[in-house]
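Undergrad: The following comprises the amino acid sequence and a computationally predicted model.
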Amino acid sequence: MNKAVWMGTLALFFAAPVSAAPPTMPANPAAGSADWWKRSVIYEIYPRSFADSNNDGIGDIKGIAGNLEYMADLGVEAVWMTPLFPSAQAVFGYDVSDYDAVDPQFGTVGDVDALIAKGKAQGVKLILDFVINHSSDKHDWFKQSRASRDNPYRDFYIWRDPKPDGSPPNNWTSLFGGPAWEKDAKTGQYYYHFFYPQQPDLNWRNPKVEKAMFDAAEWWLKRGVYGYRLDAVGTMFERADLKDNPAAPGTDPYGLPQQQRLYNTEQPEIHPALQRLRQQVIDRYPGRVLIGETYVATAPELTRFYGAHNDELQMPMFLSLIGTPLTANALRPRIEAVEPNPAGGWPTFALSNHDQPRAASRYARPAGTSSDDMAKMIGTLLLTLRGTPILYYGEELGMVNNDPKRIEDVQDIIGKKGWPKEKGRDGERTPMQWDASANAGFNSGAKPWLPVAPDYKTRNVATEKVDPNSVLSLYRSLIAERRTNPALAGDMAMVDRGNAQVLAYVRAGGGKRLLTLLNFSGTAADMPLARVGGGRTGRILTQNRARIDGATIRLDPLGLMVVELL
């Protein structure tokens, strides 16, 4: 190549917006395979907040169906929806009163059927949130259970006599404050609830409960649902003798003595039950998948949820990554602990969800950087690790929290109970920002159930999809690479492991190698290529606050680069 051509190519290389969104999303080569989820991106939707088709202020199923093209264009292969079942809405759907129906505020079973059919045409599968640990206290099972001590449904839940002094059966506390026992005046016994009193725990030791829940899961699979995200799966069983939990230092957010929940979480009976769910229900429908809400502290604890023969959850989420400090030294061992997984299980990562402040605003940022810079860091990490990323709606736009300012504005029961120290989860559940029109395009005028974030006029789908340097364009670009670049279907290895500033790893497969560099620190970092994989650099897949200078890659604070190694 002569000098003029070489210089022209170099100028084009550095001038072109490397995060520019491709005109169309390439096909997923694994779309029809049994383990399609290994090459996929899964997208969590909070139905109340995604799109409101009937202008009543609450998002609904038709609103989701009307935006499937957006998700297909983003490169999403499956949508996980938080609960859409009938509910008293004490906990916004996580108090289910009927597992075989749809809450009227969201639509009908027919609307779900239509969503599944449209999703099939668009290449977007539907995954439901299955609340496996508890029901609503308004469920017919519980209504019958509390009617009398000899009711046939009494043993569907966990009832116990009080202690001689009338106090609860043991010292267990609810995750959300107060004793984990509620006394029923009519029958004189207490029932157990790990969460709120409106969410009585199901008694999974009763075979009739297991059958009823398995039947409910199969009812939706027959309609074309592609699997479930199992809510609070680690709380399905409690120690049978109800032994007191040991004390822990300090008090909980509600003022009660802290305790180690050794005897009402992560009990060994969980795993045989999950194996039966896989064998008797899920595996009878090819390509169906179980995702687990698995808040565990260590990789060995996570590994148990795969099963000794990969016969439990295909995708237990390593959610403790959410609480890991966003530094190279903290992230590196956490990621390496599940890569490769000792059981051969497939890693699954998420850094935002409906219960956690949005990642773009949750982490402290170095001076001179923006929430968009943080959002790009988060997106690049999730989309270049080996494993399946689960994105939270609006994460691809860099949406930030919009927390309530007054207790009068709080919707979430946690915020109402814990204000002002605990503001609840409303801030991460605000409406999706579609465009710069009223209510961000969520609906056409009715007041949304939560206020739209004030940045919606500039941070929205319509604006970002035409901006090659937007957060959305970076996400689309990397998702397209996941579908076409064999390196992102290959192995992963950390490099420059002693670097306290920069997380660096190489993905390799199909004769390709990609280097990801993420400077989480507040100071600039120089990365000599000789230290992170050698060779020469080729095409830059994406970059932000970074540049190549000869044989060195220079990264500003929150600087990132994903580049081919030749």
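TA: Structure received. Values in this document were obtained by computation on a predicted structure and should not be read as measured data. Numbers count the residues shown, from 1 in each chain.
Undergrad: any weak-confidence spans in this structure?
TA: Residues of the chain meeting the criterion pLDDT under 70: 1-23, 340-343.
Undergrad: Kindly recompute the last result at 80.
TA: 1-23, 253, 339-344, 533-535 (pLDDT under 80).
Undergrad: from memory residue 218 sits against residue 282, does it?
TA: No. Residue 218 is beyond contact range of residue 282, at 9.1 Å (criterion: CB atoms under 8 Å). Every residue, glycine included, has its C-beta placed from N, CA and C.
Undergrad: The two: who's more crowded?
TA: residue 282 (21 against 15; other CB atoms under 10 Å).
Undergrad: and the more buried one, what is it in contact with?
TA: For residue 282, the contact set (CB atoms under 8 Å, 6 or more residues apart in numbering) comprises 217, 221, 227, 288-290.
Undergrad: The same query, at a cut-off of 6 Å, please.
TA: 288, 290 (CB atoms under 6 Å, 6 or more residues apart in numbering).
Undergrad: cool, and residue 102?
TA: So residue 102 contacts 84, 108-109 (CB under 6 Å, 6+ apart).
Undergrad: do that again at 10 Å, thanks
TA: Applying CB atoms under 10 Å, 6 or more residues apart in numbering to residue 102 gives the contacts 60-61, 84-86, 108-112.
Undergrad: so which strand or helix has residue 374?
TA: Using DSSP states H and E, residue 374 sits within helix 371-384.
Undergrad: right, I mislabeled it, should have said residue 416
TA: Going by DSSP H and E, residue 416 is part of helix 413-418.
Undergrad: what's the next secondary structure element after that helix?
TA: Sequence-wise, the next helix or strand downstream of helix 413-418 (DSSP H and E) is helix 461-464.
Undergrad: Go through that next one and flag the buried ones.
TA: By neighbour count on 16 or more other CB atoms under 10 Å, the buried set for helix 461-464 is 461, 463-464.
Undergrad: so how many other residues sit close to the closest residue to residue 486 other than its chain neighbours?
TA: In space, and not counting its chain neighbours, residue 486 is closest to residue 510: 2.5 Å by CB to CB, 6 or more residues apart in numbering. Residue 510: 11 surrounding residues under other CB under 10 Å.
Undergrad: wait, doesn't residue 510 sit right on residue 29?
TA: No. Residue 510 lies out of contact with residue 29 (CB atoms under 10 Å); the separation is 11.2 Å.
Undergrad: Identify the contacts common to the two.
TA: By CB under 10 Å, 6+ apart, the residues touching both residue 510 and residue 29 are 486, 489.
Undergrad: Mind checking which of the contacts of residue 102 are buried?
TA: 60-61, 84-86, 111-112.
Undergrad: so of those residues, which ones are in helices?
TA: Counting by DSSP state H, the buried ones among the contacts of residue 102 place 61, 111-112 in helices.
Undergrad: can you put the residues you listed in TSV and add distance to residue 386?
TA: Converted to TSV, those look like this (distance: CB to CB, whole Å):
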residue	distance to residue 386
61	34
111	37
112	33
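Undergrad: Tell me the one among those nearest to residue 350.
TA: The shortest approach to residue 350 among those belongs to residue 61, at 23.1 Å (CB to CB).
Undergrad: For the closest one, which residues are in contact?
TA: So residue 61 contacts 47, 50-51, 53, 81, 84, 102-103, 106-115 (CB under 10 Å, 6+ apart).
Undergrad: same check, this time on residue 327
TA: By CB under 10 Å, 6+ apart, the neighbours of residue 327 are 363, 500-501, 503, 520-521.
Undergrad: which pair in these spans the largest distance?
TA: Between any two of these (CB to CB), the greatest distance is 16.8 Å, for 363 and 500.
Undergrad: Looking at those two, which one has more neighbours?
TA: residue 363 (18 against 12).
Undergrad: For the more buried one, which residues are in contact?
TA: Residue 363 is in contact with 325-327, 351, 357, 371, 374, 377-378, 520, 558, counting by CB under 10 Å, 6+ apart.
Undergrad: Residue 34: which of those is nearest?
TA: Distance to residue 34 across these (CB to CB) is lowest for residue 351, with 27.5 Å.
Undergrad: count of residues packed around that closest one?
TA: Per other CB under 10 Å, the neighbour tally for residue 351 reads 24.
Undergrad: which residues touch it?
TA: 319, 321-322, 324, 326, 358-360, 362-363, 378-379, 381-382, 389-392, 395.
Undergrad: Check residue 169 too.
TA: 158-163, 179-181, 189-190, 192, 242, 244.
Undergrad: burial count for the closest residue to it other than its chain neighbours?
TA: Using CB to CB, 6+ apart and skipping the chain neighbours, the partner closest in space to residue 169 is residue 160 (4.1 Å). Residue 160 has 14 neighbours, counted by other CB under 10 Å.
Undergrad: A helix includes residue 129, no?
TA: No. Using DSSP: H, G, I helix; E, B strand; the rest coil, the secondary structure at residue 129 is strand, not a helix.
Undergrad: How much space separates it from residue 90?
TA: 16 Å (CB to CB, to the nearest Å).
Undergrad: Among the two, which residue is more densely surrounded?
TA: It is residue 129, of residue 129 and residue 90, that has more neighbours when counted by other CB under 10 Å, with 25 against 16.
Undergrad: beta partners of the more buried one?
TA: On the basis of DSSP bridges, residue 129 is bridged to residue 229.
Undergrad: was I right about it contacting residue 92?
TA: No. Under the criterion of CB under 10 Å, residue 129 makes no contact with residue 92, lying 11.4 Å away.
Undergrad: what separates residue 95 from residue 145, distance-wise?
TA: For residue 95, the distance to residue 145 - CB to CB - is 15 Å.
Undergrad: ugh, typo on my part, it should be residue 477
TA: 53 Å.
Undergrad: So between the two, which is more surrounded?
TA: Shown here are residue 477 and residue 145; by other CB under 10 Å, residue 145 has more neighbours (27 against 22).
Undergrad: quick one: contacts for the closest residue to the more buried one other than its chain neighbours?
TA: Computed as CB to CB, 6+ apart, the closest residue to residue 145 that is not its neighbour in sequence is residue 153, at 4.4 Å. Residue 153 is in contact with 139-147, 206, 208-209, 212, counting by CB under 10 Å, 6+ apart.
Undergrad: Got a PyMOL select line for the buried ones in those?
TA: A single PyMOL command is used to select the members of those judged buried by 16+ other CB under 10 Å:
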select buried, resi 139+141+142+145+146+206+209+212
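Undergrad: hang on, residue 258 in a strand?
TA: Yes. Residue state for residue 258 (three-state DSSP) corresponds to a strand.
Undergrad: what's the neighbour count on residue 65?
TA: Neighbours of residue 65 (other CB under 10 Å): 21.
Undergrad: Now do the phi/psi pair for it.
TA: phi -60, psi -40 (degrees, to the nearest 10).
Undergrad: I figured it was touching residue 120, is that so?
TA: No. Assessed by CB under 10 Å, residue 65 is found out of contact with residue 120, at 11.9 Å.
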